[in-house]
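*Asks:* Predicted structure and sequence below. I'll ask about it afterward.
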Amino acid sequence: MQFPLQSSLQPLLYGLHSGKDPMTRKTPLSRPSLAANTNAYLHQALHGYQAADGPFCHKAETWLQDYSGRPALLTASCTAALEMAALLADIKAGDEIILPSFTFPSTANAFVRLGATPVFVDIRHDTFNLDESKVEAAITSRTRALVPVHYAGAGCNMKALTALCEKYGLLLIEDAAQGLMASYQGIPLGNFGDFAAFSFHSTKNIGCGEGGALLLKDVSQLERALCLRDKGTNRQAFLRDEVKAYQWVSCGSSWGLSDINAALLLAQFEEADRLTQARLERWGNYHQALADAEKNDDLRRPQVPQDCQHNGHIYPVLLPSSDKCQKVQQQLQQVGISAYPHYAPLHLAPAGQPYAHQPLPVTEDIAARLLRLPLWSDMPAPDQDAVIEQLLACL
Ligand SMILES: Cc1ncc(COP(=O)(O)O)c(C=O)c1O
């Protein structure tokens, strides 16, 4: 008997032929995609009784390694991958880490929890990515790492950022939470850094509830990374029959992904091209439909640099003012459409204020005026048409 997720539960979970949430009857901001093999793989994973390190974990890791050409470890989240990267990078109290303030708290937390100081640098007003022209001024003798975030799956200026890392001997840790299936100058995001962290949270293009991955540049870090992920034990050596029992050998945590989550992930990895293409088409629909609104200065559409192939993760529009942004969000909400701002700048947040030493005008301006429109790979055309119609009516 097959686990009946796709056959009978899917319409309940996802609405019959509508993109609306069946509980709230609203158009959500995003929703996860199910792939053709989801049902079969979940069934196998449930009956395989493998917690972690099961066959789906191995296959999904192999997919990621083939995709990136780098050693890849599945993790419980992007947060976990960033925390592992910070430990592998030997970040210590007093170290300074350069990152944008326009990001999720995990980007900073991974380093702050080790006593390091986040140094926030402003973003570019066109891509909302770290402004490479402002990074050098933030580098001091204590700077250890640069952590760019590829916003909306559109790459940062990696040419400039890698050059700065080389010049000053800094580690490069890519927060590629949104970056799977996107590239910069033909190179997949995640392949520039000493470490890179991906998110497979359900809100991402490819997701499995909660999940993530860590990419390593240096294969000699692999054993240490596995040990960190295995609660600080040498369990991998035990699995390879090199020791009779495994034991506590270093600090670590429970950062692995369960085989059930990996089964969901593998099914989507196998369809990564289709899911990305479908998402890009819907992203393109918004872009085309909102061209006149941009000409009329009613909003600004997202701008993707020519040397980036983005993955359509988010369709963020900039409204002319913060007031207008809030009004548009409310009006869309009233007609059952969920559109949301994005990151509340970290330097203005309670935990970030102690590190707020310089104004970040672009970050504050963008955060106040940015609205994300509903977007997911299988978003039905009528739902997207309704979003466009309602949005244009609010401008
Ligand atoms: C830029 C960025 N980094 C890290 C994270 C954390 O990802 P996760 O939920 O997989 O831990 C997010 C979450 O959306 C994010 O947007």
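*Replies:* Arrived safely, thanks for sending.

*Asks:* neighbours of the nearest residue in space to L189 that is not next to it in sequence, just the number please.
*Replies:* Sequence neighbours aside, G179 is the residue nearest to L189 in space, at 3.6 Å (criterion: Cβ to Cβ, 6 or more residues apart in numbering). In this view, the C-beta of every residue, glycine as well, is placed from N, C-alpha and C. By the criterion of other Cβ atoms under 10 Å, G179 has 31 neighbours.

*Asks:* from memory G179 sits against G312, does it?
*Replies:* No - with contact defined as Cβ atoms under 8 Å, G179 does not count as touching G312 (12.0 Å).

*Asks:* Find residues that contact each of those two.
*Replies:* With contacts defined as Cβ atoms under 8 Å, 6 or more residues apart in numbering, the residues shared by G179 and G312 are G153.

*Asks:* Run through the helices of the chain in chain order.
*Replies:* 10-14, 38-48, 55-68, 78-88, 105-112, 158-168, 222-229, 235-239, 259-269, 272-289, 291-295, 322-334, 361-369, 381-394 (DSSP state H).

*Asks:* Now tabulate these in CSV and tack on mean pLDDT, mean neighbour count and distance to L215.
*Replies:* Shown next, in CSV, are the helices of the chain (pLDDT from 0 to 100; neighbours: other Cβ atoms under 10 Å; distance: least, Cβ to Cβ, whole Å):
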stretch, mean pLDDT, mean neighbour count, distance to L215
helix 10-14, 45, 14, 31
helix 38-48, 93, 18, 23
helix 55-68, 97, 19, 6
helix 78-88, 98, 26, 8
helix 105-112, 98, 22, 15
helix 158-168, 98, 16, 14
helix 222-229, 97, 20, 10
helix 235-239, 93, 17, 18
helix 259-269, 97, 26, 14
helix 272-289, 98, 18, 16
helix 291-295, 98, 12, 36
helix 322-334, 98, 16, 35
helix 361-369, 98, 19, 27
helix 381-394, 97, 16, 33
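
*Asks:* can you list the ones you listed in CSV and add distance to the ligand?
*Replies:* Formatted as CSV, these follow (distance: least, Cβ to the nearest ligand atom, whole Å):
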stretch, distance to the ligand
helix 10-14, 21
helix 38-48, 20
helix 55-68, 15
helix 78-88, 3
helix 105-112, 4
helix 158-168, 16
helix 222-229, 15
helix 235-239, 23
helix 259-269, 12
helix 272-289, 16
helix 291-295, 25
helix 322-334, 19
helix 361-369, 13
helix 381-394, 22
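
*Asks:* how far out from the middle of the chain is stretch 305-323?
*Replies:* 15 Å (Cα atoms, centre = their mean, to the nearest Å).

*Asks:* measure that stretch end to end?
*Replies:* One end of stretch 305-323 sits 28 Å from the other (Cα to Cα, to the nearest Å).

*Asks:* list the buried ones in it?
*Replies:* Residues of stretch 305-323 classed as buried: 305, 308-319 (neighbour count, 16 or more other Cβ atoms under 10 Å).

*Asks:* Same question for stretch 176-194.
*Replies:* Neighbour-count burial for stretch 176-194, counted by 16+ other Cβ under 10 Å, picks out 176-184, 188-194.

*Asks:* as a whole number, average confidence for that stretch?
*Replies:* For stretch 176-194, mean pLDDT is 98.

*Asks:* hmm, it in reach of the ligand?
*Replies:* Yes - Stretch 176-194 reaches the ligand (Cβ under 6 Å from any ligand atom) through A177.

*Asks:* same deal with stretch 195-214?
*Replies:* Yes - using Cβ under 6 Å from any ligand atom, stretch 195-214 reaches the ligand at S199, H201, G212.

*Asks:* Compare those and tell me which has the most neighbours.
*Replies:* S199 (29 neighbours).

*Asks:* So in terms of bridging, what pairs with that one?
*Replies:* Beta-bridge pairing for S199 (DSSP bridges): G212.

*Asks:* how about whichever residue of the stretch 201-350 of the chain sits closest to the ligand, what does it touch?
*Replies:* The stretch 201-350 of the chain approaches the ligand most closely through H201 (4.0 Å), counting by Cβ to the nearest ligand atom. By Cβ under 8 Å, 6+ apart, the contact set of H201 is S77, C78, A177, G207, G209, E210, G211, G212.

*Asks:* Which pair of the residues you listed spans the longest distance?
*Replies:* Longest distance between any two of the contacts of H201 is 15.1 Å, between A177 and G209; criterion Cβ to Cβ.

*Asks:* State the distance from G207 to A289.
*Replies:* Distance from G207 to A289, counting by Cβ to Cβ, to the nearest Å: 26 Å.

*Asks:* before we move on, what about R31?
*Replies:* Taken as Cβ to Cβ, the span from R31 to A289 is 21 Å.

*Asks:* Could you list which residues are in contact with A367?
*Replies:* Counting by Cβ under 8 Å, 6+ apart, A367 has contacts F102, P341, H342, Y343, A344, P345.

*Asks:* check contacts around the last one.
*Replies:* With contact taken as Cβ under 8 Å, 6+ apart, P345 is in contact with S101, F102, G352, L360, T363, E364, A367.

*Asks:* separation between the third one and the ligand?
*Replies:* Separation of G352 from the ligand (Cβ to the nearest ligand atom, to the nearest Å): 15 Å.
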